[in-house]
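>>> Give me a model of this one.
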Amino acid sequence: MPGGRLTQQERQQIALGLADGLAYAEIARRLDRPTSTVTREVMRNGGPLAYRADLAHRATERRAHRRRQAVPREPEAPPQAHGRDAEAVREYGEAFTTLLMQQGLPKMMSRVLTCLYTTDAGSLTASELVQRLQVSPASISKATTFLESQGLIRRERDERRRERYVVDADVFYQSMMSAARSNSQLAATARQGVSVLGPHTPAATRLENIARFVDFVSEALARAAEQARDILYMQPGPPPDDAAGSPPDDAAGPATDH
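The predicted model follows:
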């Protein structure tokens, strides 16, 4: 599998693949590149609808030129706990960030959210985010304000009175319930069109069927989220070595009274 930067010819193939409606994975397969490479290339240069090979190539050359002119500075990598591979963690973070961007979240907000999700504590201060992401405090402030307004993170003060930004498992539950409420509003709006367009007309029938479908899905989503909520709070079990290392109490033999 080739490595290094994408060539101009490869970028032209990406543009042709997008024009043909190919998935990122298929474009990557034809280039013999990782899917993440193609995904990052497209999202970094306008997205699938605005990607142009020539503009992307020039933008990459400009970024490389700026990096050569800048004073070299290696970002301080946070220490990796639990024997994790730092490079694997970095690549996973990039992949997670790209996925969030594909779902409509701006890049900096995606980077902050990924950083919080992949931190064992699930919380970081603004200064810690600045250090980990190597961006300005203003960028962190803007990103965290947006994420908080969307209910994706919350703000709290620690024992040292510092503000910390926190992600917790309940965010997913609240997100699912919000989606269910939004779908219910869509169903209600669709039904309003039935009386406006006239019952039993083709357009009204279409809207009524949409409303029934959305009602069914939103009710099922809300019910499933409520039933599965406890899964979000499950704690990891003991490592296999711990489980096998000591026998249960009743296997240790009877106690002897003297």
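
>>> isn't there a helix covering Gly21?
No: counting by DSSP: H, G, I helix; E, B strand; the rest coil, Gly21 is not part of a helix but coil.

>>> Ala53 contacts Ala15, correct?
Yes: using CB atoms under 8 Å, Ala53 makes contact with Ala15 at a distance of 4.3 Å. (C-beta placed from N, C-alpha, C; glycine too.)

>>> ok, and the closest non-adjacent residue to Ile210?
Using CB to CB, 6 or more residues apart in numbering and skipping residues adjacent in sequence, the residue nearest Ile210 is Ala190, 4.8 Å away.

>>> thought Tyr165 was touching Ser127?
No: contact between Tyr165 and Ser127 fails when scored by CB under 8 Å: they sit 11.2 Å apart.

>>> Looking at the two, which is more packed in?
Higher neighbour count among Tyr165 and Ser127: Tyr165, with 25 against 12, using other CB atoms under 10 Å.

>>> State the helix or strand in which the more buried one lies.
strand 163-166 (DSSP states H and E).

>>> Identify the neighbouring strands of that strand in the sheet and state each direction.
strand 123-125 (antiparallel), strand 154-157 (antiparallel) (DSSP bridges).

>>> which of those strands sits most buried?
With neighbours taken as mean count of other CB atoms under 10 Å, these reach their highest mean count in strand 123-125, at a mean of 19.

>>> List the buried residues in whichever strand or helix holds Ala15.
If you go by DSSP H and E, Ala15 is part of helix 8-19. Of the residues in helix 8-19, 10-11, 13-15, 17-18 count as buried by neighbour count, 16 or more other CB atoms under 10 Å.

>>> Summarise which helices and strands whichever helix or strand comes after that helix is packed against.
Going down the chain from helix 8-19, the next helix or strand is helix 24-31, by DSSP H and E. The helices and strands touching helix 24-31, judged by 3 or more CB pairs under 8 Å, 6 or more residues apart in numbering; DSSP states H and E, are helix 8-19, helix 35-44.

>>> Just list the residues touching the residue positioned nearest the centre of the chain, thanks.
What sits nearest the mean C-alpha location of the chain, by CA atoms, centre = their mean, is Leu100, with 3.6 Å. If you count contacts by CB atoms under 8 Å, 6 or more residues apart in numbering, Leu100 has them with 109-110, 113-114.

>>> still on that earlier bit, then the residue nearest to Ile210 would be within a helix, right?
Yes: read with three-state DSSP, Ala190 is one of the residues of a helix.

>>> Can you get me a residue count around it?
20.

>>> Count the residues that sit near Val224.
To be clear, residue 224 is Ala; Val isn't right here. 12.

>>> Let me see the contact set for it.
Met176.

>>> Next, the buried residues of the one helix or strand it maps to.
Using DSSP H and E, Ala224 maps to helix 202-228. When burial is assessed from 16+ other CB under 10 Å, helix 202-228 yields the following buried residues: 204, 207-208, 210-211, 214-215, 218, 222, 225.

>>> Likewise for stretch 38-55?
38-45, 51, 53.

>>> Save the strands paired with strand 163-166 as a markdown table, and put in mean pLDDT too.
A markdown table is the format used below for the strands paired with strand 163-166 (pLDDT from 0 to 100):
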| stretch | mean pLDDT |
| --- | --- |
| strand 123-125 | 91 |
| strand 154-157 | 86 |
